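1. 3D, please:
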Amino acid sequence: MRIISGKYKSRRIQVPANLKARPTTDFAKEGLFDILENRLNWEETTALDLFSGTGSIAFELISRGCTYVVSVEQNQNHFNFICQSQEKLGARELFPVKADVFKYLRSLKQPFDFIFADPPYELPGIDSLPTLILERNLLKPDGLFVLEHSKKFNFSHLPNFKEERKYGNVHFSFFAF
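-> Numbers count the residues shown, from 1 in each chain. Presented below is the predicted three-dimensional model:
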């Protein structure tokens, strides 16, 4: 796992072979952050990284200047890896949470400026995430939600959908609230 930009730029964190995460590819991550660079003021952005996996997106957000990032991951091995990586980097801005994302979202009361979700592509309920985030008012005004998914999903019919970007097999749907 490589951090692209910011204070941890070019840092590589070795992901153990026993982790079953499907990290966002560097190509897709670079494309995503090129877009976000023009939409977010990192130092003023609070972020929520759902289905965090290896924590790649969360660490990129912190590296670029986000002062508060919550990383939610249910798998114990992945959660442990995120905590170990946080310790290695000294990333005090990260707040890892071990939880089921859907249960966590239903109990969450705090809104964020930016929410990113990278669920397993075959996870049941992936199509309910944008509605759940909207109904729970989990984004601040002018907030942005990005959902990573496979090509088999099309979210363009949902309220607040703005655009879809494709990077190889990785698709990002953007929702602005």
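2. Next one: Gly168 from Lys151, what distance?
-> 10 Å (C-beta to C-beta, to the nearest Å). All C-beta spots, glycine's among them, are computed from the backbone N, C-alpha and C.
3. Now do the same for His171: helix, strand or coil?
-> strand (DSSP: H, G, I helix; E, B strand; the rest coil).
4. Let me see the contact set for it.
-> Glu148, His149, Ser150, Lys151, Phe153, Glu164, Arg165 (C-beta atoms under 8 Å, 6 or more residues apart in numbering).
5. ok, how many other residues are close to Thr25?
-> Other residues within reach of Thr25, judged by other C-beta atoms under 10 Å, total 14.
6. Could you do Glu60 as well?
-> 28.
7. show me the contacts for it.
-> By C-beta under 8 Å, 6+ apart, the contact list for Glu60 reads Ile3, Ile4, Ser5, Gly6, Lys29, Phe33.
8. and the residue sitting furthest away from the middle of the chain, helix, strand or coil?
-> Distance from the C-alpha centroid of the chain, by C-alpha atoms, centre = their mean, peaks at His157 (22.1 Å). Recorded secondary structure, His157: coil (three-state DSSP).
9. Which pLDDT value belongs to it?
-> Note on His157: pLDDT of 94.
10. partners of the longest strand belonging to the chain in the sheet?
-> The single longest strand within the chain, with elements called by DSSP state E, is strand 139-149. In the sheet, strand 139-149 lines up against strand 112-117 (parallel), strand 170-176 (antiparallel) (DSSP bridges).
11. Mind putting the ones you listed into a markdown table with mean pLDDT?
-> Below are the strands paired with strand 139-149 laid out as a markdown table (pLDDT from 0 to 100):
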| stretch | mean pLDDT |
| --- | --- |
| strand 112-117 | 98 |
| strand 170-176 | 95 |
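12. Show me the contact partners of the longest helix seen in the chain.
-> Within the chain, and with DSSP state H defining each element, the longest helix by residue count is helix 76-89. Outside helix 76-89, the residues within contact range by C-beta under 8 Å, 6+ apart are 8, 11, 13, 15-16, 18-19, 21, 52-55, 58-59, 62, 71, 73, 91, 94, 96, 98.
13. same check, this time on stretch 34-45
-> Contacts of stretch 34-45 (C-beta under 8 Å, 6+ apart): Gly6, Leu61, Arg64, Gly65, Cys66, Thr67, Asp113, Phe114, Leu144, Val146, Arg165, Phe174.
14. No more questions from me, cheers.
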